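> This is a predicted model, with the sequence first.
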Amino acid sequence: MSPDPSVDVRVDRIRCSGHGICAQLLPETIRLDEWGYPIQSAGRVDARAAKRAVDFCPARALRLS
Amino acid sequence: MSLANLLDEAGLTGRGGAAFATGIKVRAAHESGATLIVNACDGEVGAAKDGWVVAHHLPALIEGARLVTGGRPVRVAAKRGSRTLELLTRAGVDVLAIPNRYVSSEESALISLAQGGLARPLTKTIPFVRGQGRDGNDRPIPATVVLNAETVWRVAQIADRGPGWFRSQGTATEPGPRLVAIGGAVARPAVLEAAAGMPIRALLDHVGVATDAEYVGVGGLGGILLPRDTAGELLWSSTDLARFGGSVGPGVVTVHDPSECIVDTVDHLLTYAAGESAGQCGPCMFGLPAIATDWHALATGIEASTADSRLERRLAELPGRGACRFPDGIARFASSARTVLADHLTAHALGHCPTHPKERHVA
């Protein structure tokens, strides 16, 4: 089975209210700052994992691009 | 030749600070039928050139706006209570009165206010000039292009005098005349008709810098800090200023008051910056007050080494994490000040201040 295609995840900084679920679901590319807001490292994300993070974000602050 | 092609040929870039190619924006505006907001807010700390354009070249500014929109609606944005707003209103121009806050004159904040929203930045997914942008409540925003007042004035000049005239000034990579506002500890604060490639020393000599001035700010609150001697050896160009993390930006040069400790000056500026966050994006809302607090600890010299490593980490984490570039600008300014003032900060940590050597420093 071929790996899922990779995508970019974008954070809408105004919508984001620091729940931090993205960092749990995408630990390889997102970590949290001292106030719980995401810090993204460069790089594309597995499409299925990214979709899950988008769906689970309580603030609807994540988008795929 | 179309206006957009003419502007491409001239090499005109936005004079508000971002230096984006104006031809590209104007072409997109023509294609989408965008309305125009002219930004005459002088939103950067120390900025004065937008007001200068309105005061001295209003008919050409209006003509430039007409050329960009081809008759579609134009509004000119200026700060509430400003002389610029008064001049525009008196001239019968359709104005957009902007709250007197730093981020309120940011491009998407102007668009938001023009649409009946708050004067706060919006998340940008698609350029608003395309007409597919949305506000915070996901409502569509009609195609709008925002251009700085000087940029619009230059459009009229290029249409009148041609791209060759424009390119005869400045450098090949940063062509054309550009205004610069010089203020602070100078004898004659002024808005000067400058161009890239001029020695900064010549600009400073023109306004008469206080003899004992030691530091010069370039680009206001979102810019950099330079020792006066260093600044005096550079050319007024983004190529030269980039060596110190700066750019010609919105055309602001501030000579800092030599009678005030420069670390305290930066302290006041960062405290002001923290209060100017729109409070929308976490990294800015929490990060800017944290940075201001760290700097204040450096200024007072209390647990300075801990504060400095915390500040360094916070400054590295801040850029690129806001809906607008405000936090990026503050991180740039604070980083630059931290580097340039390293010796002065060390002195504070040891309990004395080079500016006031006779008194124990109390911030």
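Thanks, I have it.
> Touching, A:Ala50 and A:Val7? I think so.
Yes - assessed by CB atoms under 8 Å, A:Ala50 is found in contact with A:Val7 at 5.1 Å. Placement of C-beta: from N, CA and C, glycine included.
> what about these two, which has more around it?
A:Ala50 (23 against 18; other CB atoms under 10 Å in any protein chain shown).
> mind checking the longest helix of chain A?
Counting by DSSP state H, the longest helix found in chain A is helix A:47-56.
> contacting residues around the longest strand seen in chain B?
The longest strand of chain B (DSSP state E) is strand B:177-184. Residues outside strand B:177-184 that contact it (CB atoms under 8 Å, 6 or more residues apart in numbering or on different chains): B:15, B:46-49, B:52-53, B:150, B:154, B:166, B:169-170, B:189-196, B:203-204, B:206-207, B:213, B:217, B:236, B:248, B:251-257.
> What residues does chain B have near chain A?
B:121-123, B:125, B:136, B:280-283, B:286-287, B:317, B:321-323 (CB under 8 Å from any CB of the partner chain).
> and those, which are buried?
Among the residues of chain B next to chain A, those classed as buried by 16 or more other CB atoms under 10 Å in any protein chain shown are B:121-123, B:136, B:280-283, B:286-287, B:317, B:321-323.
> So what's the residue count around B:Ala274?
20.
> Would you mind getting the angle between the helix or strand containing it and strand B:177-184?
Using DSSP states H and E, the element containing B:Ala274 is helix B:262-276. In terms of direction (axes from the mean of the first three to the mean of the last three CA atoms, to 10 degrees), helix B:262-276 departs from strand B:177-184 by 110 degrees.
> Select the helix or strand of chain A having the lowest average pLDDT value.
The weakest-scoring helix or strand in chain A, judged by mean pLDDT, DSSP states H and E, is strand A:6-7 (a mean of 85).
> next SSE after that one?
Once the chain leaves strand A:6-7, the next helix or strand it forms, by DSSP H and E, is strand A:9-11.
> hang on, the earlier thing: the longest helix of chain A packs against which elements?
Helices and strands touching helix A:47-56, by 3 or more CB pairs under 8 Å, 6 or more residues apart in numbering or on different chains; DSSP states H and E, are strand A:6-7, strand A:9-11, helix A:21-25, strand A:62-64.
> Mean neighbour count, the ones you listed: which tops it?
Mean neighbours per residue, mean count of other CB atoms under 10 Å in any protein chain shown, is largest over the helices and strands packed on helix A:47-56 for strand A:9-11, with a mean of 20.
> Could you list the residues in contact with that one?
A:22, A:26, A:29-30, A:38, A:40, A:45, A:50, A:53-54, A:61-65, B:125.
> sorry, back to before: who are the packing partners of the helix holding B:Ala274?
helix B:282-300, helix B:326-340, helix B:342-349.
> quick one: contacts for the residue of the stretch 51-200 of chain B found nearest chain A?
As assessed by CB to the nearest CB, chain A sits closest to B:Thr123 within the stretch 51-200 of chain B, at 4.9 Å. Contact partners of B:Thr123, counting by CB under 8 Å, 6+ apart, are A:Asp12, A:Arg13, A:Ile14, A:Arg15, B:Gly136, B:Ala323.
> Double-check that the fifth one belongs to a helix.
No - secondary structure assignment (DSSP: H, G, I helix; E, B strand; the rest coil) places B:Gly136 in coil, not in a helix.
> what does the model give A:Ala49 for pLDDT?
We have a pLDDT of 92 for A:Ala49.
> okay, now it: neighbour count?
For A:Ala49, the count of nearby residues is 18 (other CB under 10 Å).
> That one reaches A:Pro27, doesn't it?
No - counting by CB under 8 Å, A:Ala49 stays clear of A:Pro27, with 9.8 Å between them.
> For chain B, just list every one of the strands.
So, for chain B - with DSSP E - the strands run B:35-39, B:74-79, B:95-98, B:144-148, B:177-184, B:190-195, B:215-218, B:224-227, B:252-255.
> Can you tell me which of the ones you listed is nearest to B:Ala109?
Evaluated over the strands of chain B, closeness to B:Ala109 peaks at strand B:95-98, with 8.1 Å, by CB to CB.
> contacts for that closest one?
Under the contact criterion CB under 8 Å, 6+ apart, strand B:95-98 has outside partners B:37, B:41, B:75-80, B:85, B:88-89, B:104-105, B:110, B:113-114, B:119.
> Give me the buried entries from those.
Among the contacts of strand B:95-98, those buried by neighbour count (16+ other CB under 10 Å) are B:37, B:41, B:75-79, B:85, B:88, B:104-105, B:110, B:113-114, B:119.
> one step back: give me the buried positions along the helix holding B:Ala274.
For helix B:262-276, the neighbour count (16+ other CB under 10 Å) marks B:Ile262, B:Val263, B:Asp264, B:Thr265, B:Val266, B:Asp267, B:Leu269, B:Leu270, B:Thr271, B:Ala273, B:Ala274, B:Glu276 as buried.
> quick one, what contacts the second one?
Think B:Val263. B:Leu298, B:Ala299, B:Leu341, B:His344, B:Leu345, B:His348, B:Cys353, B:Ala363.
> hmm, try it at 6 Å
Listed by CB atoms under 6 Å, 6 or more residues apart in numbering or on different chains, the contact partners of B:Val263 are B:Ala299, B:Leu341, B:His344, B:His348.
> Closest one to chain A out of those, please.
Distances from chain A to the contacts of B:Val263, taken by CB to the nearest CB, are shortest for B:Ala299, at 21.8 Å.
> and that closest one, how many residues sit next to it?
By other CB under 10 Å, the residues close to B:Ala299 number 27.
> Now do the top helix by length along chain B against strand B:144-148, angle only.
Of all segments of type helix in chain B, defined using DSSP H, the longest is helix B:49-69. Per the same axes, to 10 degrees, the angle that helix B:49-69 makes with strand B:144-148 is 140 degrees.
> how big is the angle separating helix B:49-69 from strand B:74-79?
Here helix B:49-69 runs at an angle of 160 degrees relative to strand B:74-79 (the same axes, to 10 degrees).
> Need the contact partners of helix B:49-69.
For helix B:49-69, contacts defined as CB under 6 Å, 6+ apart pick out B:3, B:26, B:36, B:38, B:40, B:42, B:74, B:84, B:87, B:91, B:149-150, B:152-153, B:155-156, B:159, B:179, B:181, B:191, B:251.
> Filter those residues down to the buried ones, ChimeraX style.
ChimeraX command restricting the contacts of helix B:49-69 to the buried ones, with burial defined by 16+ other CB under 10 Å:
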select /B:3,26,36,38,40,42,74,84,87,149,150,152,153,155,156,159,179,181,191,251
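> Of the contacts of helix B:49-69, which belong to helices?
Using DSSP H, the contacts of helix B:49-69 in helices are B:Leu3, B:Val26, B:Thr84, B:Leu87, B:Ala149, B:Glu150, B:Val152, B:Trp153, B:Val155, B:Ala156, B:Ala159.
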